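Novice: I need the structure of the sequence given here:
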Amino acid sequence: MEIVRNADGSLVVPIPEVRHHDDDVPAAVSEDGVEVPLATTRILHPGEGGYNEALAEWDLQQNPDREPAVSTASGRENAMEVVHVVAESPDHDVAKALKDIDDSEASGEALRHVLIGGTHSVEAFSAEVAEAEGGEPIPAHKMTKIIGEVLAELDK
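Specialist: Okay, the predicted model is just below:
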């Protein structure tokens, strides 16, 4: 099963099947004592543990033949500008923010590179954006959500 990205930025991720012996089959039991099938998916929201990794995996699923992400200086600068514009925009218009960028592909690569680094990388990128563009650092969960929106727009 593939990871699904919802419009609100949440991700539906598969739960790995637990290995068990035939005579030791785990089952969820309701309060009424009725067996309920175990869940096979989980919804992750920005800021939850595992979200950044799942978002990076979702992005890879969109184009499995893509080369590993490489961040260039100009791509990172453009990426910082895009996330700043999206974060500050009252209508959160990602497509408009990307139109003003010289090399949107390089921006996407830089953002993929940030995601691969995990939460600490996202936090450091947020601080870097605040220093370069002004304002306060964007919380990591919001930054990750914006990165996901930008990557989704680029993959259209």
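
Novice: Name the nearest residue to residue 113, ignoring sequence neighbours.
Specialist: residue 71 (3.8 Å; C-beta to C-beta, 6 or more residues apart in numbering). In short, each C-beta sits where N, CA and C put it, glycine included.

Novice: Over to that neighbour: give its phi and psi.
Specialist: When read as degrees, to the nearest 10, the backbone of residue 71 gives phi -100, psi 130.

Novice: Show me the residue sitting in the middle of this structure in space.
Specialist: Centroid-nearest residue in the chain: residue 55, 3.3 Å away (criterion: C-alpha atoms, centre = their mean).

Novice: circling back: who touches the residue nearest to residue 113 in this structure?
Specialist: Neighbouring residues of residue 71 by C-beta atoms under 8 Å, 6 or more residues apart in numbering: 109-110, 113-114.

Novice: Using PDB, write out every CA atom in the helix or strand hosting the residue nearest to the centre of the chain.
Specialist: In this structure, residue 55 sits in helix 51-62 according to DSSP states H and E. These are the backbone C-alpha positions of helix 51-62, laid out as PDB (Å, rounded to 0.1, in the frame of the first residue of the first chain):
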ATOM      1  CA  TYR A  51       5.600  12.500   9.700                       C
ATOM      2  CA  ASN A  52       8.700  14.000   8.100                       C
ATOM      3  CA  GLU A  53      10.000  10.500   7.100                       C
ATOM      4  CA  ALA A  54       6.500   9.600   5.700                       C
ATOM      5  CA  LEU A  55       6.400  12.800   3.700                       C
ATOM      6  CA  ALA A  56       9.800  12.100   2.200                       C
ATOM      7  CA  GLU A  57       8.600   8.500   1.400                       C
ATOM      8  CA  TRP A  58       5.400   9.900  -0.200                       C
ATOM      9  CA  ASP A  59       7.500  12.300  -2.300                       C
ATOM     10  CA  LEU A  60       9.700   9.500  -3.500                       C
ATOM     11  CA  GLN A  61       6.500   7.500  -4.400                       C
ATOM     12  CA  GLN A  62       5.400  10.300  -6.700                       C
END
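
Novice: Give me the residues contacting that helix.
Specialist: Contacts with helix 51-62, where a contact means C-beta under 8 Å, 6+ apart, come from 2-5, 11, 13, 44-45, 66, 112, 115-116, 118-119, 122, 141, 144, 147-148, 151, 155.
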